[in-house]
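# sequence and predicted structure are below.
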Amino acid sequence: MRQPASPALSALSPDTPEAIEDALIEKGYACVPGFLSPAQVHALAAETLRLWDDGEFQFARIGTGTNRQRCPQVRSDRILWLDNDHLSAPQKVYFDALDELRQRINRATMMGLVDWEGHLALYPPGTFYKRHIDVFANARERQLTTILYLNPNWQPGDGGELRLYLDGAEMEPYIDLEPRGGTLVTFLSSRFYHEVLPAHTERLSITGWYRVRSTRHF
Ligand SMILES: O=C(O)CCC(=O)C(=O)O
Ligand SMILES: [Fe+2]
């Protein structure tokens with residue numbers, strides 16, 4: 001029988017973690033509409049746009065360490081890394097929901113996820129992130145990618161779908177996931193190539209990764 005949610009777990013609706021665990025085990029990815037409420041998404045989006053207006057975002061880079069560089073033909077979004085020790089109230093709501101989910105996933109899968117790192121992302125019209133995989137050869141701590149979309153009014157034609165390639169390095173099959181506000185997408189970081197199709201309207205999101213300790217590899 002399903003455990004009743006304790007008060008500390010109130011950020012998530014009771015069925016959400018179990019649906020995500022099942023999808024991850026079965027398919028390696030999950031797409032969950034309404035992970036946060038419209039009001040929570042609105043608060044995060046408003047704050048993200050304020051930070052953008054204040055000039056806090058930077059051009060995203062690719063690679064790690066000294067190899068990190070701007071590569072606008074690969075990705076042209078702008079990002080702002082979150083400092084987990086200094087989150088705003090709306091960010092903390094999301095962080096707490098993610099942390100609860102992390103513990104649930106650990107219990108269901110024994111993945112040993114220890115923490116989460118993430119950044120705000122803004123894709124101005126015309127920007128994209130070409131096909132890539134999120135795990136670097138020299139940094140394998142990232143186990144599960146998480147993306148929360150923040151555009152409350154996304155509609156077909158707005159672009160910016162997440163294309164998830166389902167068969168390793170093959171170009172097919174794939175699915176296109178709509179970046180609708182409040183939807184959480186999570187997938188095994190080392191398994192899925194993916195790309196962000198060109199956005200035709202401004203696209204807001206929070207991308208992050210659940211990680212294991214650096215000595216552990218899966
Ligand atoms: O925003 C998305 O849908 C995916 C972003 C992404 O792939 C990344 O930042 O690594
Ligand atoms: Fe990615």
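Nice, I can see it. Residues are numbered from 1 along each chain as shown. Ligands and ions are numbered 1, 2, ... in the order given.
# make it CA atoms for all contacts and neighbour counts henceforth
Fine.
# so how many other residues sit close to the residue in the chain that ligand 1 sits nearest to?
With Cα to the nearest ligand atom, the shortest gap between the chain and ligand 1 falls at Leu162, namely 4.6 Å. If you count neighbours by other Cα atoms under 10 Å, Leu162 ends up with 22.
# wait, it sits on Tyr174?
No - with contact taken as Cα atoms under 8 Å, Leu162 and Tyr174 are classed as non-touching, separated by 10.0 Å.
# and Leu162, what is it in contact with?
When contacts are counted by Cα atoms under 8 Å, 6 or more residues apart in numbering, Leu162 is found next to 176-179, 194-197.
# for beta bridges, what are the partners of it?
With DSSP bridges as the criterion, Leu162 is bridged to Leu177, Val196.
# look up how far Phe187 lies from it.
Applying Cα to Cα, to the nearest Å, one obtains 12 Å for the distance of Leu162 from Phe187.
# contacts only, for Thr145.
Applying Cα under 8 Å, 6+ apart, the residues contacting Thr145 are 134, 185-189, 207-210.
# still on that earlier bit, redo the contacts of Leu162 as CSV? Include distance to Gly112 and pLDDT.
Output for the contacts of Leu162, formatted as CSV (distance: Cα to Cα, whole Å; pLDDT from 0 to 100):
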residue, distance to Gly112, pLDDT
Asp176, 29, 98
Leu177, 27, 98
Glu178, 29, 98
Pro179, 28, 98
His194, 24, 98
Glu195, 27, 98
Val196, 28, 98
Leu197, 32, 98
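# now those residues: which count as buried?
Under a neighbour-count criterion of 16 or more other Cα atoms under 10 Å, the subset of those counted as buried comprises 178-179, 194-197.
# just these that are near ligand 1?
Among the buried ones among the contacts of Leu162, the residues that sit close to ligand 1 (Cα under 6 Å from any ligand atom) are 195-196.
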